[in-house]
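Undergrad: Just need the structure, nothing else, for what follows:
(chains A and B)
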There are 2 protein chains.
Amino acid sequence: MAPRWKGKGAETKALADPISEIVSQLQSSLVQSNSRGLLSGMSVLLKANAAQTDLLNRACFGRPKVTAEENEQWFQLSMEEAFYLYHSLMCIKIVDHDDCEQSINELWKYMISKKENFPVLYKAYSHLRSKKWVVILGSQYGVHFVAYRHHPALVHSEYAVLALSARNGNANGRLRVWSDFQCTLRLCGSVAKTLLVLNITEYQGGAASPSCLESYGVEERTITRWSPEQCREGKL
Amino acid sequence: MAPRWKGKGAETKALADPISEIVSQLQSSLVQSNSRGLLSGMSVLLKANAAQTDLLNRACFGRPKVTAEENEQWFQLSMEEAFYLYHSLMCIKIVDHDDCEQSINELWKYMISKKENFPVLYKAYSHLRSKKWVVILGSQYGVHFVAYRHHPALVHSEYAVLALSARNGNANGRLRVWSDFQCTLRLCGSVAKTLLVLNITEYQGGAASPSCLESYGVEERTITRWSPEQCREGKL
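TA: Numbers count the residues shown, from 1 in each chain, chains lettered A, B, ... in the order given. Have a look, this model is predicted:
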């Protein structure tokens, strides 16, 4: 399926303004300002100056929070987003409510305590982000993430993403029964998205520390309905 | 949600022609003709005369098959439909390819060998049919069944139905994870159906014979999205 751009000129606009460039600028800016995210339940709160606010919005990290302070802009980052800025882009530190900087292992344990399958979800998120996809949470569509070729203002999302763990044979996961498959495919079809299943294979046991992420493999599978007419020999 | 009738006069037409009456006529007619269904993989094939063809179509049992014979009409029944006609309405017998009549226990084992969760699905199917709902397979919507107030030509389906087994804590079942929930609800919402979950509780262990069906309980739950605006005190 070709990307569905939103209106005339959207594709040209997107090509002139690559996401990778926006993310690089955001990375530098956050490093320079020595930014620190604040752990808060299942989110991380990040204060942003005017330039950072613009870059976070353009790169689709977090959601701007409405606050009483006029000159302060806070962003609410999901755990995957915060850990990506922290661990992959290395452009923020993360502190707890006592303003105490968290070590990478403390953070990792915290994330898993809040979301058991964080390692698998984070691997999927960082895999797509590192390929320059814009990735946001997919709860609206009953999937883990949705992936956009560029900013959602310019293009419709192309992929509805499910991250499945190969460990335990995906015991508690999605798509184990036909009716779930059919439900997911029908929904993806009705909103013109392709279902992208990322099978996260773990070669070494356990997820005790974030170093396990390097040993994880990612198998990418897109799933579409089979249309017998399209598969007959020759063109119709 | 009110039933959505298809066009003017559909409701009046439906009221004048109750499903229970059509099913009764079908039952008598099949008994009189000593009808026998033929086991065929995951279906049962049933030959119908002109009057029975009309009644099967109006009551939504099975799908008419196109055959080479001009004066013969065959219907392909799902296992739930066939077992309902056999066990609940007691209006057909079922034979195998050697024309050998199957005992109720043989049939029960056969059904389970083809579909492991047949007892739970059949309990759900027969529960709704006995309440005079028109029930058809829901694979198009990624659920087990869809339920109609009357014939689909007159009214849109109201319920998307999932049958869950309380046994084993619904180990391999649907709705175990949030994303599946969200996916199912979003799909139901977009096709204007309410999600009906039938929790089948089994008081006695095992499903060795169809007599277990009587010990099964059915808990009915409809699931809809919570809209905060609708729940505030007073009217808006």
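Undergrad: Please count neighbours and contacts with C-alpha atoms only from this point.
TA: OK.
Undergrad: show me what contacts A:Pro210?
TA: A:Pro210 sits next to A:104-105, A:108, A:119 when contact means C-alpha atoms under 8 Å, 6 or more residues apart in numbering or on different chains.
Undergrad: now the closest residue to A:Ser29 other than its chain neighbours: how far from chain B?
TA: Nearest-residue entry for A:Ser29: A:Gln52, 6.8 Å, with adjacent residues in sequence omitted and distances by C-alpha to C-alpha, 6 or more residues apart in numbering or on different chains. Distance of A:Gln52 to chain B, computed by C-alpha to the nearest C-alpha, to the nearest Å: 32 Å.
Undergrad: I figured A:Lys47 hits A:Trp74, correct?
TA: Yes. With contacts counted by C-alpha atoms under 8 Å, A:Lys47 reaches A:Trp74, the gap being 4.4 Å.
Undergrad: re earlier: now could you export just the CA positions of the host helix or strand of the residue nearest to A:Ser29 as PDB?
TA: Following DSSP states H and E, one finds A:Gln52 within helix A:50-59. What follows is helix A:50-59, C-alpha atoms only, in PDB (Å, rounded to 0.1, in the frame of the first residue of the first chain):
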ATOM      1  CA  ALA A  50      10.500  26.900  23.100                       C
ATOM      2  CA  ALA A  51      12.900  25.300  20.600                       C
ATOM      3  CA  GLN A  52      12.600  21.900  22.200                       C
ATOM      4  CA  THR A  53       8.800  22.100  22.300                       C
ATOM      5  CA  ASP A  54       8.800  22.700  18.600                       C
ATOM      6  CA  LEU A  55      11.200  19.800  18.000                       C
ATOM      7  CA  LEU A  56       9.400  17.400  20.300                       C
ATOM      8  CA  ASN A  57       6.100  18.200  18.500                       C
ATOM      9  CA  ARG A  58       7.600  17.800  15.100                       C
ATOM     10  CA  ALA A  59       9.300  14.500  15.900                       C
END
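Undergrad: roughly how far is that helix from the heart of the chain?
TA: With C-alpha atoms, centre = their mean, to the nearest Å as the basis, helix A:50-59 stands 17 Å off its chain's centre.
Undergrad: Run me through the strand neighbours of the following helix or strand past it, direction for each.
TA: Later in the chain than helix A:50-59, the nearest helix or strand by DSSP H and E is strand A:63-65. Strand A:63-65 pairs in its sheet with strand A:73-78 (antiparallel), by DSSP bridges.
Undergrad: What's the mean pLDDT across the partner strand?
TA: Mean pLDDT, strand A:73-78: 95.
Undergrad: How about residues contacting that strand?
TA: So strand A:73-78 is in contact with A:42-50, A:53, A:61-67, going by C-alpha under 8 Å, 6+ apart.
Undergrad: Name the residues of the following helix or strand past that strand that are buried.
TA: Next along the chain after strand A:73-78, taking DSSP H and E as the criterion, comes helix A:79-83. By 16 or more other C-alpha atoms under 10 Å in any protein chain shown, the buried positions in helix A:79-83 come out as A:79-83.
Undergrad: Now find how far off-centre helix A:79-83 is within its chain.
TA: Centre-to-centre, helix A:79-83 and its host chain are 8 Å apart (C-alpha atoms, centre = their mean).
Undergrad: Can you read off the pLDDT for the nearest residue to A:Phe145 once chain neighbours are set aside?
TA: Distances taken as C-alpha to C-alpha, 6+ apart put A:Gly138 closest to A:Phe145, at 4.0 Å, once the chain neighbours are dropped. Per-residue pLDDT puts A:Gly138 at 92.
Undergrad: My read is that A:Gly138 contacts A:Tyr148, right?
TA: No. With contact defined as C-alpha under 8 Å, A:Gly138 does not reach A:Tyr148; the gap is 11.5 Å.
Undergrad: which residues of chain A fall in strands?
TA: For chain A, the strands defined by DSSP state E occupy A:36-40, A:43-48, A:63-65, A:73-78, A:93-95, A:134-137, A:145-148, A:159-165, A:194-202, A:216-223.
Undergrad: That'll do, ta.
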